[in-house]
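1. When you get a sec, could you give me coordinates for this:
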Amino acid sequence: MTSTAVVNYGPAKGSVELREVGKPSVGDEEVLVEVSRVGVCGSDLHQWNADHSWPVRYPVILGHEFCGRITERGARVSGWELGDRVVSETAAVLDLASPMTRVGKYNLDPARKGFGYGVDGAMTRFVLVPARCLHRVPESLNDEQACLTEPSCVAFQAVVENMRIKPGDRTIVLGPGTIGILCGAMARLCGAEVALVGLEADRERLSIGSRYGCEPIAGDAGVWARQRDGLGADCVVDATGASASLQSALAWVRPGGQITKVGWGPQPLGFSLDPLVQKNISLQGSFSHTWAVWERVLALLATGNLDLIPIIGGVWPLSGWKEAFETMHRGEIVKSILKPV
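-> Residues are numbered from 1 along each chain as shown. Okay, the predicted model is just below:
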């Protein structure tokens, strides 16, 4: 049995196409998930444009933001039934003996490989998933929102777990993409005042951020940062795909403040980091997520405290992957979703 898949087949720009692929064979501790919806991530676009900074195992099926139903399960899988609606974490391959895995920080295991770059992802009909990665989808959650649990977890990890934002914190989020908007939404749930910052070309996406209570700013956020007492923002989240944005973060954060960088940017820095020292700033990287974060985010989604509908720009069939990619890449929408079946 074969099905169609969106495959990144090489390192050159534009090396993505539809291909026929075989149905995966299920191992003892794995399940086969029939994919209902799969989100297009910025990392998928980076691999398509060949401007990513992580190793990729070519050829590979793209897609790591997905939901679906279990259609097969391995002999040693328990607690899951055929037909269960599930979402999946992205840590498809782990070293279970790694010190990071043993202390529950498996998202930081150096041997970790994820769907869509290290192993085949979900932009196809069936995806093979280790049972340890699964989470149940609440009945109240539709497929379009469920498939975006993963980017919501990235935002939760950055803002709640790593930044520890407090009510009243004046917070700037750089970059009005999916992760930036969701980081703004998470900061608002923590009680922060939030400015979402982008370029003039980002006006439409900035306006979507305002639906989560974020103040949209196109350009310089220095005035907003210093409105309270002249010293700057308490927190800055860098969710852009450009290294240069860190310079703005350093300028706008207050002495003793914190910056979390969640956006990937392969470009070398062309500026001094002395303000980091002079202002005694905490600079934090944030990567991926863990089981507890997924459970908390699914609860937020199920109760409606986090509504993902505003960021969804459209749903395309798998055959329309290129239009979905291009529309999102041009910044016309925040998030594209593909429907494999």
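2. Show me the helices in the stretch 151-300 of the chain, by range?
-> For the stretch 151-300 of the chain, the helices defined by DSSP state H, counting those that start in this stretch cover 178-189, 203-210, 222-225, 245-252, 274-278, 291-303.
3. Go through those helices and pick out the most buried.
-> Highest mean neighbour count among the helices of the stretch 151-300 of the chain (mean count of other Cβ atoms under 10 Å): helix 178-189, with a mean of 28. The C-beta positions use only the backbone N, C-alpha and C, and glycine is treated the same way.
4. That one - contacts with which helices or strands?
-> Helix 178-189 sits against helix 149-156, strand 170-174, strand 193-198, helix 203-210, strand 233-238, with contacts defined as 3 or more Cβ pairs under 8 Å, 6 or more residues apart in numbering; DSSP states H and E.
5. So, low pLDDT: which residues of the stretch 201-341 of the chain?
-> Filtered on pLDDT under 70, the stretch 201-341 of the chain yields no residues whatsoever.
6. nearest spatial neighbour of the spatially most central residue of the chain, skipping sequence neighbours?
-> The residue lying closest to the centre of the chain (Cα atoms, centre = their mean) is residue 151, at 3.1 Å. Sequence neighbours aside, residue 178 is the residue nearest to residue 151 in space, at 5.1 Å (criterion: Cβ to Cβ, 6 or more residues apart in numbering).
7. Any chance of CSV for the helices and strands packed on helix 178-189, columns distance to residue 8?
-> As requested, these are exported to CSV (distance: least, Cβ to Cβ, whole Å):
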stretch, distance to residue 8
helix 149-156, 18
strand 170-174, 27
strand 193-198, 27
helix 203-210, 25
strand 233-238, 26
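8. Looking at the ones you listed, which is nearest to residue 75?
-> Smallest distance to residue 75 across these (Cβ to Cβ): 27.7 Å, for helix 149-156.
9. Tell me, how many residues neighbour residue 92?
-> Residues near residue 92, counting by other Cβ atoms under 10 Å, number 23.
10. ok, residues contacting the one helix or strand it maps to?
-> Under the criterion DSSP states H and E, the helix or strand holding residue 92 is strand 91-93. Here strand 91-93 makes contact (Cβ atoms under 8 Å, 6 or more residues apart in numbering) with 106-107, 109, 111-115, 118-119, 129-130, 133, 288.
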